[in-house]
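Student: what follows is a predicted protein model with its sequence.
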Amino acid sequence: MRCSNPGCRCPTAGPKKQPSGSVSIGVAAHIAAAAPGGPRYQQLMSRAERVSSSNAIWLCQVCAARIDRDVSAYDIAFLNGWKDLAESSAQSELGSQYPSSFDDRSIVYFMSMCLDRPAFNDLFHRERSTEEFDRALEDTITAFNTGALRSRDGVVLQTHMGKSYLKNPLLRSQIDAFVQILRAIRSRYLIARESGEITEQTRRDGRKFYMVHSAELADWFDNTRLEALRLFKKSADLVSIPFTVTTLEISIARNTSGHSH
Ligand SMILES: [Zn+2]
């Protein structure tokens, strides 16, 4: 009933307005293409394997289009990882009440652990690489949505409950807004990469770093992230989870005083 992309999880079916029945916007997408030349086509697969449900993943139409346009980012192992996650969360949700052990406080605690990484502490221009920053944002959005925090190679490090399990409506709307801000940062970052406002450079020792060609844009990334973290702190305060945004605050304050000299 939901898109299997852990970063999306949008409902793929809903009631029709008139007269009865339901609307589905779900797609059973091929993991490996059914025909030669298609995305992720595997020559050695049998016809039976190609048409089997084990070679399909349930997605919304947007995600189904996305995985076929960027085959290098969404390879077979990656998509099977999504499928495993979606199936296990569907199994644990089926016919059950929300588990009481996953109360609001423990969910927010899990979320605060997810934010304990350089992407949320360092100034934007100090990040080690553009890809890592983008990936950290994506992983965090996924973790907040699904309760699964993945390491860089896609392994699930820790599982908990996603934000939809929060019972306090104020808390849920704050966390929703927090995730929206992260999405906005990620979109702005992707636009900046496309347009050349941010470029990746290679040092002599081969390490990569990136350059933001606009001071306003770098400030926007830092201040918007700080705003997001302050919002998260409101949620943490609500359930008495210790959370501090001072590392980024101090860095921004230092950087700003540096500008004026
Ligand atoms: Zn989707």
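Tutor: Received it, and whenever you're ready, just let me know what you need.
Student: the closest residue to the ion within the stretch 151-261 of the chain - nearest residue in space that isn't next to it in sequence?
Tutor: Per CB to the ion, the residue of the stretch 151-261 of the chain with the smallest distance to the ion is residue 183, at 13.3 Å. Any C-beta I mention is one placed from the backbone N, CA and C, and that applies to glycine too. Spatial nearest neighbour of residue 183, excluding adjacent residues (CB to CB, 6 or more residues apart in numbering): residue 141 at 6.5 Å.
Student: same check, this time on residue 239
Tutor: Residue 239 sits nearest to residue 105 (CB to CB, 6+ apart), 4.3 Å away.
Student: neighbours around the residue nearest to residue 183, how many?
Tutor: 21 (other CB atoms under 10 Å).
Student: and the spatially closest residue to residue 149 that is not a sequence neighbour, what helix or strand is that in?
Tutor: Take residue 149 and drop its neighbours on the chain: the residue closest to it by CB to CB, 6+ apart is residue 143, 4.3 Å away. Here residue 143, judged by DSSP states H and E, is contained in helix 130-146.
Student: going by neighbour count, list what's buried in that helix.
Tutor: 130, 133-134, 136-146 (16 or more other CB atoms under 10 Å).
Student: now the angle from the longest helix along the chain to helix 130-146?
Tutor: The residue-count maximum for a helix in the chain (DSSP state H) belongs to helix 169-195. Here helix 169-195 runs at an angle of 150 degrees relative to helix 130-146 (axes from the mean of the first three to the mean of the last three CA atoms, to 10 degrees).
Student: distance of the residue nearest to residue 239 from residue 237?
Tutor: The gap separating residue 105 from residue 237 is 12 Å, by CB to CB, to the nearest Å.
Student: what of residue 65?
Tutor: For residue 65, the distance to residue 237 - CB to CB - is 40 Å.
Student: with residue 211 instead?
Tutor: In terms of CB to CB, residue 211 sits 37 Å off from residue 237.
Student: now do the buried residues in the helix or strand harbouring the residue nearest to residue 239.
Tutor: Using DSSP H and E, residue 105 maps to helix 104-114. Residues of helix 104-114 classed as buried by neighbour count (16+ other CB under 10 Å): 104, 107, 108, 109, 110, 111, 112, 114.
Student: which residues of the stretch 151-261 of the chain fall in strands?
Tutor: For the stretch 151-261 of the chain, applying DSSP state E, counting those that start in this stretch gives strands covering 156-159, 198-202, 208-212.
Student: would JSON lines of those with mean pLDDT, mean neighbour count and distance to the ion be doable?
Tutor: Compiled in JSON lines, those are given as follows (pLDDT from 0 to 100; neighbours: other CB atoms under 10 Å; distance: least, CB to the ion, whole Å):
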{"stretch": "strand 156-159", "mean pLDDT": "66", "mean neighbour count": "15", "distance to the ion": "19"}
{"stretch": "strand 198-202", "mean pLDDT": "85", "mean neighbour count": "13", "distance to the ion": "26"}
{"stretch": "strand 208-212", "mean pLDDT": "79", "mean neighbour count": "16", "distance to the ion": "29"}
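Student: residues of the chain that sit close to the ion?
Tutor: 3, 5, 8, 60, 63 (CB under 5 Å from the ion).
Student: now secondary structure and distance to residue 175 too, for these, in CSV please.
Tutor: Converted to CSV, the residues of the chain next to the ion look like this (DSSP: H, G, I helix; E, B strand; the rest coil; distance: CB to CB, whole Å):
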residue, secondary structure, distance to residue 175
3, coil, 20
5, coil, 19
8, coil, 17
60, strand, 22
63, helix, 22
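Student: and the furthest pair within the residues you listed?
Tutor: The two members of the residues of the chain next to the ion with the most space between them (CB to CB) are 5 and 60, at 7.6 Å.
Student: who's more crowded, these two?
Tutor: residue 5 (25 against 21).
Student: for that one, what are its contacts?
Tutor: By CB atoms under 8 Å, 6 or more residues apart in numbering, residue 5 lies in contact with 59, 60, 63, 82.
Student: mean confidence score for the helix holding residue 143?
Tutor: Per-region confidence: helix 130-146 scores 85 on mean pLDDT.
Student: that one packs against which elements?
Tutor: Where contact means 3 or more CB pairs under 8 Å, 6 or more residues apart in numbering; DSSP states H and E, helix 130-146 is packed against helix 104-114, strand 148-150, helix 169-195.
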